[in-house]
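Undergrad: dropping the sequence and predicted coords here.
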Amino acid sequence: QVQLVESGGGSVQAGGSLRLSCAASGRTFGTYAMGWFRQAPGKEREFVARITWNIVNTYYADSVKGRFTISRDNAKNTVYLQMSSLKPEDTAVYYCAASYDGNYNYWGQGTQVTVSS
C-alpha cells in the first residue's frame, strides 16, 4: 500500500512559478513510476507528466511541455512538479499518482493551483 500526499499548491499570477511535491509512504517507492494529473472545474482529469522509477524517462502533455518539469528523489520518497510560466488555463487541482503495473494504482488527495491573469 502506498499513501501519497501532495503539497505546494497555491495562488500565483500568470507567468509565475510553483513547485508541487508529493510525499509517498512505503518502502517500494523507488519501484513505482509516478505521474502528475490535473482536473479543472467542469473538465475531465488529464495527464500532465510522468517519470519512470529509474528517472531515465519523462513524459509530458503537450500543453505543459517546456514549462513543467517532473523529477523525483527516491531517497526522500518524493516526486516534484516544477511549474513555470504558469497560465490561467493551468488552474486545476493537481494530483500525483503511483503506478506499478502500467495503471495508476494509488492517488493523492490533490492540491489546488490557481493562476490569475
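TA: Looks like it arrived, so ask away. Since we're looking at a predicted model, the values are computed, not measured.
Undergrad: leaving out chain neighbours, which residue sits closest to the residue nearest to the spatial centre of the chain?
TA: Centrality entry for the chain: nearest residue to the mean C-alpha point is W36, 2.9 Å, by C-alpha atoms, centre = their mean. Nearest residue to W36, sequence neighbours excluded (C-beta to C-beta, 6 or more residues apart in numbering): V48, at 4.3 Å. All C-beta spots, glycine's among them, are computed from the backbone N, C-alpha and C.
Undergrad: for whichever strand or helix holds the one you found, buried residues please.
TA: Secondary structure from DSSP states H and E places V48 in strand 46-51. For strand 46-51, burial by neighbour count (16 or more other C-beta atoms under 10 Å) applies to F47, V48, A49, R50, I51.
Undergrad: what's the answer for stretch 109-117, then?
TA: Here stretch 109-117 shows G110, T111, V113, V115 as buried, counting by 16+ other C-beta under 10 Å.
Undergrad: quick revisit: what is the subsequent helix or strand relative to the strand holding V48?
TA: In the C-terminal direction from strand 46-51 (assignment by DSSP H and E), the next one is strand 58-60.
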